[in-house]
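Asks: A structural model of the following input is requested.
(one chain, ligands or ions: 1)
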Amino acid sequence: MREDESTFQVDLRGIVDLLSHHLYSGPRVYVRELMQNAVDAVTVRGAADERPALLLVPTDVAADGRLHAMDSGVGLDEDDVRTFLATIGRSSKRDELGLARSDLLGQFGIGLLSCFMVSEDIEVVSRRADGPWVRWVGHADGTYELSTLTDGLPADDERAAWLADGPGTCVTLAPRRGTEHLLDTVSVVDLARHFGSYLPHRVVVRTADGPVDASLQTPPWRIEDPERRRAACVELASAELGGEPFHVLPVRVPQAGLDGVAVIGGHRAASASQGRHRVHLKGMLLSDQVADLVPEWAFFVRCAVDSQLLRPTANREGLFDDDLLEHTRAEIGAQVRAWLVRMAATQPDRMQQFLAVHQVAVKAMALQDDELLRILLPLLPFETNQGRCTLPELMRTTDVVRVAATVDDFRQVGSVLAAQGVAVVNGGYTFDLELVRRLVDVEPAAVVQVVVPSDIDGHVRLVPDERLRDVAAALADVRAALDGVQVDVELRAFAPVSLPALLVDDSDRRDRREVRAAAAEADDVWSALLGAFDDGGSDRPRLLLNDTNPTVRRVLVLQDAALRQVAAESLYGRALLAGGRRLRPADTALIDRSFNALLDRAVDAEPGGTTA
Ligand SMILES: Nc1ncnc2c1ncn2[C@@H]1O[C@H](COP(=O)(O)OP(=O)(O)OP(=O)(O)O)[C@@H](O)[C@H]1O
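Replies: Presented below is the predicted three-dimensional model:
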């Protein structure tokens, strides 16, 4: 077998097109890449002169109608141009091991190609401190020309004066059709400030009204004076969130050379930018839409940070998800958590305000973290059938914490047990059942019991057979009156006496109802299969009439059959409404009918009421 060793072939035009047009989300980033190269070149030079690190001259200000980016950096000679500028993927900014140099922004060796998004050609005129002037023109088709300018540039060329004052590089772009506006004063000032305001080197834009500084702003969190720092952080936070922040928390992750702020929102409203963060790398804005900087549970936090060591993706629009980012995420999470713990311990009122806004997030967070659970669970308010209260408050009145698993169960069991003074927590809301169950982890003495509708039977007594026999005829009338709304009627005795009737929808009856409804809709085979699971039991809710209630007792001895029917309907309607249950059309019709009938009877009972 013969084995040939070959190298990949490269379609240069395709690569240039890919890297310049398809890597970035838009052409605006060309300003960032120009600033970055200038800042790196100045850092490498290690010396400064009178000139700013970078002077940007927009197309509407430059005499030749092109854009110039002139830096006072280390400059390039012919060899540098060939090796670095004209070799795609080669960067002078990596060390001997091929790692990105920690003091420089660039690392991939492709950034300059982004200029092809706004210009057909990229012209570079450069010189090192002691070298000749070189001129390189790169074209979007992957070709270039390189020459040495032995006589420099004509005196009326603005780059001539710039390079006469010291080493540096001038990048010149002639706008492509359709991108002209991105190279004019308004855009260039805007973009330079957007990306570069925290850069530690001076970037100036020449405008018709004079030079405009775009960089050298101190990030708010690094302002020395505490008062000014606080005000600037709140201003930044408000701008980021579009509203007053609840709190601005300083964050610091030394391993990532990161500092900044975590802004805790004061509103529940989920904005599109929620879970997105403003990240600067060595002062240069990476993006204000970076995801994954904080743990998932901390979705109420929005960060603005600057890092010296986190790595960008090649398009510089996101962070590379490596161990350092993972560590950073965990560390910021730990700092947010420590703040919460501190607040819970020292500012209970403020903690309650926080909980009111971010309840769901806090609940999710507590379920994931045992220590947070221990701190937060006692503070969380829950809905109960006796009003909102915390679990410790509940435990003061009962040994057993009862919780209903769904809102529907809560409505049924809650109203019955409330009448008997037994507290039940509504576990039907997101995370609540799980949280109440975890109470035993925090309070080992606690007993948690999940209650279901059939538990109501434990709180109601049977009535003696003799009594049932006595009222059998009346009960039959009541059952007949309510047959149309599909409800079973039972006579029981329970507290309080003031409660005439309860409507209970047991889960096994509910299940039967669902299976039978499905069978009715299914084809023969499927319906036979479903039928095989049917135990033949009742699928109707139960109306429990309270035999200790004076009204019920009177209804059962009424002589007037028509009145008993109306009374039966009203007892059902009342129980239905008291349980907060969803009304079917038949229920609404029945309530309507019984209410009108009662009204008629009441009016008729008045002397002169039957005149019509
Ligand atoms: N203004 C400049 N002054 C000096 N050298 C420059 C300048 N611009 C580019 N270079 C040289 O050209 C090389 C390629 O630049 P380019 O912007 O394409 O990539 P990079 O900055 O190395 O990395 P990245 O893709 O991360 O931006 C640089 O590594 C640097 O050696």
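Asks: name the SS class of Glu120, please.
Replies: strand (DSSP: H, G, I helix; E, B strand; the rest coil).
Asks: could you report the neighbour count for it?
Replies: When neighbours are defined as other C-beta atoms under 10 Å, Glu120 has 13 of them. Any C-beta I mention is one placed from the backbone N, CA and C, and that applies to glycine too.
Asks: residues touching it, list them.
Replies: Contacts for Glu120 (C-beta atoms under 8 Å, 6 or more residues apart in numbering) come out as 139-140, 174, 176.
Asks: give me that answer again for 7 Å
Replies: By C-beta atoms under 7 Å, 6 or more residues apart in numbering, Glu120 lies in contact with 140, 174, 176.
Asks: show me which of these is closest to the ligand.
Replies: Of all the contacts of Glu120, Ala140 has the smallest distance to the ligand: 14.3 Å, by C-beta to the nearest ligand atom.
Asks: out of the contacts of Glu120, who's the most crowded?
Replies: The most crowded member of the contacts of Glu120, judged by other C-beta under 10 Å, is Ala140 (19 neighbours).
Asks: surely that residue touches Val16?
Replies: Yes: between Ala140 and Val16 there is a contact at 6.1 Å, judged by C-beta atoms under 7 Å.
Asks: which residues do the two both contact?
Replies: Common contacts of Ala140 and Val16 (C-beta under 7 Å, 6+ apart): Phe116.
Asks: helix/strand/coil for whichever residue of the stretch 151-300 of the chain sits closest to the ligand?
Replies: The minimum distance from the stretch 151-300 of the chain to the ligand, using C-beta to the nearest ligand atom, falls at Thr169 (3.8 Å). Following three-state DSSP, we place Thr169 in the strand state.
Asks: find the nearest non-adjacent residue to it, please.
Replies: In space, and not counting its chain neighbours, Thr169 is closest to Ser126: 4.0 Å by C-beta to C-beta, 6 or more residues apart in numbering.
Asks: from Trp136, how far out is the one you found?
Replies: Remark: distance between Ser126 and Trp136 (C-beta to C-beta, to the nearest Å) = 8 Å.
Asks: who has more neighbours out of these two?
Replies: Taking other C-beta under 10 Å, Ser126 and Trp136 do not tie; Ser126 has more neighbours (29 against 22).
Asks: in the sheet, who's paired with the more buried one?
Replies: Ser126 has these beta-bridge partners by DSSP bridges: Val134, Thr169.
Asks: shouldn't it be in contact with Leu76?
Replies: Yes: if you go by C-beta under 7 Å, Ser126 and Leu76 touch, sitting 4.2 Å apart.
Asks: which residues do these two both contact?
Replies: Residues touching both Ser126 and Leu76 by C-beta under 7 Å, 6+ apart: 134, 169.
Asks: what about the helices in the stretch 401-550 of the chain?
Replies: 407-419, 432-437, 439-442, 465-470, 472-482, 507-521, 524-532, 550-556 (DSSP state H, counting those that start in this stretch).
Asks: before we move on, what about the stretch 201-350 of the chain?
Replies: 226-241, 323-346, 348-368.
Asks: and those as CSV, adding distance to Leu105, mean neighbour count and mean pLDDT?
Replies: Listed next are those as CSV, based on distance: least, C-beta to C-beta, whole Å; neighbours: other C-beta atoms under 10 Å; pLDDT from 0 to 100:
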stretch, distance to Leu105, mean neighbour count, mean pLDDT
helix 226-241, 22, 16, 89
helix 323-346, 17, 16, 93
helix 348-368, 35, 17, 87
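Asks: will you turn these into a markdown table that also has distance to the ligand?
Replies: Formatted as a markdown table, the helices of the stretch 201-350 of the chain follow (distance: least, C-beta to the nearest ligand atom, whole Å):
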| stretch | distance to the ligand |
| --- | --- |
| helix 226-241 | 27 |
| helix 323-346 | 18 |
| helix 348-368 | 36 |
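Asks: list the buried ones in the helix or strand of the chain with the lowest mean pLDDT?
Replies: When the helices and strands of the chain are compared on mean pLDDT, DSSP states H and E, helix 524-532 comes out lowest with a mean of 76. Under the neighbour-count criterion of 16 or more other C-beta atoms under 10 Å, helix 524-532 has Leu530 buried.
Asks: taking helix 507-521 as reference, get the angle to that helix.
Replies: Put simply, helix 524-532 runs at 160 degrees to helix 507-521, going by axes from the mean of the first three to the mean of the last three C-alpha atoms, to 10 degrees.
Asks: contacts for helix 524-532 next, please.
Replies: With contacts defined as C-beta under 7 Å, 6+ apart, helix 524-532 is touched by 515, 518-519, 522.
Asks: then stretch 404-414?
Replies: Under the contact criterion C-beta under 7 Å, 6+ apart, stretch 404-414 has outside partners 385, 424, 426-428, 433, 450-453, 455-456, 504-505, 579-581.
Asks: which among these count as buried?
Replies: Buried subset of the contacts of stretch 404-414 (neighbour count, 16+ other C-beta under 10 Å): 385, 424, 426-428, 433, 451, 453, 455-456, 504-505, 579, 581.
Asks: distance to Ser215 and pLDDT added to these, as a markdown table?
Replies: Putting the buried ones among the contacts of stretch 404-414 into a markdown table (distance: C-beta to C-beta, whole Å; pLDDT from 0 to 100) gives the following:
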| residue | distance to Ser215 | pLDDT |
| --- | --- | --- |
| Asn385 | 62 | 92 |
| Val424 | 62 | 95 |
| Asn426 | 55 | 96 |
| Gly427 | 55 | 95 |
| Gly428 | 55 | 94 |
| Leu433 | 54 | 96 |
| Val451 | 64 | 92 |
| Pro453 | 68 | 83 |
| Asp455 | 69 | 86 |
| Ile456 | 71 | 84 |
| Val504 | 72 | 87 |
| Asp505 | 68 | 85 |
| Gly579 | 67 | 73 |
| Arg581 | 65 | 75 |
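Asks: among those, which lie within strands?
Replies: Within the buried ones among the contacts of stretch 404-414, residues falling in strands by DSSP state E are 424, 426, 451, 504.
Asks: among those residues, which one lies nearest to the ligand?
Replies: Asn426 (55.0 Å).
Asks: now do the strands in the stretch 151-300 of the chain.
Replies: Secondary structure of the stretch 151-300 of the chain (DSSP state E, counting those that start in this stretch): strands located at 168-175, 203-207, 210-213, 245-253, 258-265, 277-281, 284-290.
Asks: any idea what His247 is bridged to?
Replies: Beta-bridge partners recorded for His247 (DSSP bridges): Ile264.
Asks: could you give the number of residues near it?
Replies: Count around His247 with other C-beta under 10 Å applied: 19.
Asks: is it in contact with Ile264, as I believe?
Replies: Yes: in this structure, His247 is within contact of Ile264 by C-beta under 7 Å, at 4.4 Å.
Asks: near the ligand, which residues of the stretch 1-150 of the chain?
Replies: Selection of the stretch 1-150 of the chain residues close to the ligand by C-beta under 6 Å from any ligand atom yields 33, 36-38, 41, 71, 73-74, 76, 84-85, 91-93, 106-112.
Asks: 5 Å - rerun?
Replies: 37, 41, 73, 84-85, 91-93, 106-112 (C-beta under 5 Å from any ligand atom).
Asks: on that earlier part again, how many neighbours does the residue of the stretch 151-300 of the chain closest to the ligand have?
Replies: Thr169 has 30 neighbours, counted by other C-beta under 10 Å.
Asks: pLDDT at Asp269, what is it?
Replies: Just to correct that, residue 269 is Ala rather than Asp. On the pLDDT scale, Ala269 is placed at 52.
Asks: wait, I meant Thr611
Replies: Listed pLDDT for Thr611 reads 49.
Asks: count of residues packed around Glu443?
Replies: Look at Glu443: counted by other C-beta under 10 Å, it has 17 neighbours.
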